[in-house]
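Asks: Have a look; sequence and predicted model below, questions after that.
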Amino acid sequence: MTVLLGIDLGDRRIGVATADTDTGSVKPLLTLRRGTPAQDAESLGRISRERRAEALVVGLPLHADGRESEQSERTRAWIDEVAPLVGLPVSLRDERRTSQSAESRMGRTPRGRSGGAPSTGARNAWRARIDREAAADILQRELDARNSTEVSR
């Protein structure tokens, strides 16, 4: 069994999901608050040891036409700092529309208790869940790509 950790890297949060390559199951796991690269690596290293993960799959933010963006450059720089500290191989997977897909599955931000705007806490919890779901979408894309490669052999 190979376990993968999926990473949806944002400016404030890191969505994390797990996948089992044998069963094809993908599960949103948690959302971390971004820290320094060393802090991020420590958290991801702990999670990867607990889950016995063998690799990280990080979403690469691309423009709609497939070109890399400024965020792509920041993601690659983060990987360059974090990957050696975590000590796992890292692959990149196109993450275009993963957050939008997660939002469409989850629906809109829930309303507040009185029917008004949601509280700051509720809005932040919803965004954190979107990040976890987007990480799961990234992993599903990775599994789909691996399966299509195996089929074409």
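Replies: Cool, the structure landed.

Asks: Not counting its neighbours along the chain, what's nearest residue 85?
Replies: In space, not counting the residues next to it along the chain, residue 85 is nearest to residue 41; the distance is 3.5 Å by C-beta to C-beta, 6 or more residues apart in numbering. From N, CA and C alone the C-beta is placed, and that goes for glycine too.

Asks: any idea which element the one you found lies in?
Replies: If you go by DSSP states H and E, residue 41 is part of helix 37-51.

Asks: Give the other helices and strands that the helix or strand harbouring residue 121 contacts.
Replies: Residue 121 belongs to helix 120-151 when assigned by DSSP H and E. Applying 3 or more C-beta pairs under 8 Å, 6 or more residues apart in numbering; DSSP states H and E, we find helix 120-151 packed against strand 3-9, strand 13-20, strand 26-33, strand 53-60, strand 90-94, helix 98-106.

Asks: Specify the angle between that helix and strand 3-9 in degrees.
Replies: 130 degrees (axes from the mean of the first three to the mean of the last three C-alpha atoms, to 10 degrees).

Asks: Please point out which parts of helix 120-151 sit buried.
Replies: 126-143, 146 (16 or more other C-beta atoms under 10 Å).

Asks: re the thing from before, right, and the helices and strands packed on helix 120-151 - which one's nearest residue 84?
Replies: strand 90-94 (9.9 Å; C-beta to C-beta).

Asks: for the closest residue to residue 10 other than its chain neighbours, what are its contacts?
Replies: Nearest residue to residue 10 in three dimensions, chain neighbours excluded: residue 131, at 6.2 Å (C-beta to C-beta, 6+ apart). Residue 131 is in contact with 8, 10, 13-15, 31, 99, counting by C-beta atoms under 8 Å, 6 or more residues apart in numbering.

Asks: cutoff 10 Å now
Replies: By C-beta atoms under 10 Å, 6 or more residues apart in numbering, residue 131 lies in contact with 7-10, 12-17, 28, 30-32, 98-99, 102.
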